[in-house]
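Asks: Kindly return the folded structure for what I paste below:
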Amino acid sequence: PTQHDVSQAPAQPAPKANWTYEELAKYDALEFLKTCRRHYLENVRDYHCKFNMRERAGTGLGAQQVIAIEFRERPYSVEMNWLENPAGARRISYVEDRWVKEGRQLALVVPSGFGNIVLPGGLKLDIHGKEFEKSSSRCVDQFGFRKTLERAIQLCEAAKGDPTFSVKYAGRSEYAGRPQYVLERRLPYSEGEVTFPDRLAVFFIDAESLTPTAVWSYADEQKQRALGEFITTDVEFNVGLADADFE
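Replies: Got it, this is the predicted structure:
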């Protein structure tokens, strides 16, 4: 789609992809997403990247946040350090079962702004608690390529049977010199309804790694009411992350 200008993204090595999965994406886009998930599970242990995020604020999208990410699948581990426009947090560090209080998973949160002066070493918060929501609008245990694919699949399965639902292959595109499969998903979304997050989502799936490079979310078919954009750059897979990278 021409409205998504990603031409300024950092260059990455030329991929090896030869559109092997294109026929599957055309025939059954949901099965293609499931294939992407299987490919990820078979091939990815960890990665680091930059995550560029803009979310709805008022009548439009807020400032772009840029976050340096270290991610490991086992144990599920996420290290987030904000490089631009931190919201409530400057840093979030989470390792599954590292800190548990009364059965609740905790993450280390280092506040931004004045909070960083008061609590420079951060504090440990329940990742599903209201205090954590002030630091991050997205749950830290739902981050990553696998979780993005699983969430997309789950929403498609939930919407099956509704006449307004569809998920279709929309053709080829390019991101930072890398070929992308483009999918468009339409859900039975309505304002204030909580089951479905958007009416239209556009996915760029990297044709080599089969990971979701970028997702654009809209409240309307005309793409006039953007709800969010989530773009990953500078990805390096299987870099050998260790416990020390999440301390």
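Asks: ranges for the strands of this protein?
Replies: 46-57, 60-61, 65-72, 77-84, 89-95, 100-101, 104-111, 123-126, 166-175, 178-186, 200-206, 212-218, 226-237 (DSSP state E).
Asks: Can I get the ones you listed in a markdown table including distance to Glu23, mean pLDDT and mean neighbour count?
Replies: Every C-beta, even on glycine, is put in place using the N, C-alpha and C of the backbone. Compiled in a markdown table, the strands of the chain are given as follows (distance: least, C-beta to C-beta, whole Å; pLDDT from 0 to 100; neighbours: other C-beta atoms under 10 Å):
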| stretch | distance to Glu23 | mean pLDDT | mean neighbour count |
| --- | --- | --- | --- |
| strand 46-57 | 28 | 93 | 18 |
| strand 60-61 | 35 | 84 | 12 |
| strand 65-72 | 31 | 97 | 20 |
| strand 77-84 | 35 | 96 | 18 |
| strand 89-95 | 39 | 93 | 22 |
| strand 100-101 | 46 | 95 | 10 |
| strand 104-111 | 41 | 93 | 21 |
| strand 123-126 | 46 | 93 | 18 |
| strand 166-175 | 9 | 96 | 17 |
| strand 178-186 | 11 | 96 | 21 |
| strand 200-206 | 14 | 97 | 23 |
| strand 212-218 | 20 | 96 | 22 |
| strand 226-237 | 25 | 95 | 18 |
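Asks: closest one to Cys36 among those strands?
Replies: Cys36 lies closest, by C-beta to C-beta, to one member of the strands of the chain: strand 200-206, at 6.2 Å.
Asks: How far does that closest one sit from its chain's centre?
Replies: 11 Å (C-alpha atoms, centre = their mean, to the nearest Å).
Asks: what are the pairing partners of that strand, and which direction each?
Replies: Note on strand 200-206: by DSSP bridges, its sheet partners are strand 178-186 (antiparallel), strand 212-218 (antiparallel).
Asks: Phi, psi for Asn85 please.
Replies: The phi/psi pair for Asn85 (degrees, to the nearest 10) reads phi 50, psi 60.
Asks: of all the strands paired with strand 200-206, which lies closest to Tyr27?
Replies: Across the strands paired with strand 200-206, closest to Tyr27 is strand 178-186 (C-beta to C-beta), at 12.9 Å.
Asks: tell me the angle of that closest one relative to strand 226-237?
Replies: 140 degrees (axes from the mean of the first three to the mean of the last three C-alpha atoms, to 10 degrees).
Asks: about what we covered before: include distance to Gly144 when you put the strands of the chain into JSON lines, please.
Replies: Shown next, in JSON lines, are the strands of the chain (distance: least, C-beta to C-beta, whole Å):
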{"stretch": "strand 46-57", "distance to Gly144": "9"}
{"stretch": "strand 60-61", "distance to Gly144": "22"}
{"stretch": "strand 65-72", "distance to Gly144": "5"}
{"stretch": "strand 77-84", "distance to Gly144": "7"}
{"stretch": "strand 89-95", "distance to Gly144": "11"}
{"stretch": "strand 100-101", "distance to Gly144": "21"}
{"stretch": "strand 104-111", "distance to Gly144": "15"}
{"stretch": "strand 123-126", "distance to Gly144": "20"}
{"stretch": "strand 166-175", "distance to Gly144": "18"}
{"stretch": "strand 178-186", "distance to Gly144": "18"}
{"stretch": "strand 200-206", "distance to Gly144": "14"}
{"stretch": "strand 212-218", "distance to Gly144": "10"}
{"stretch": "strand 226-237", "distance to Gly144": "10"}
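Asks: For Val194, which of these is the nearest?
Replies: Closest approach to Val194 among those (C-beta to C-beta): strand 226-237, 13.5 Å.
Asks: how far away is Pro75 from Gly192?
Replies: 37 Å (C-beta to C-beta, to the nearest Å).
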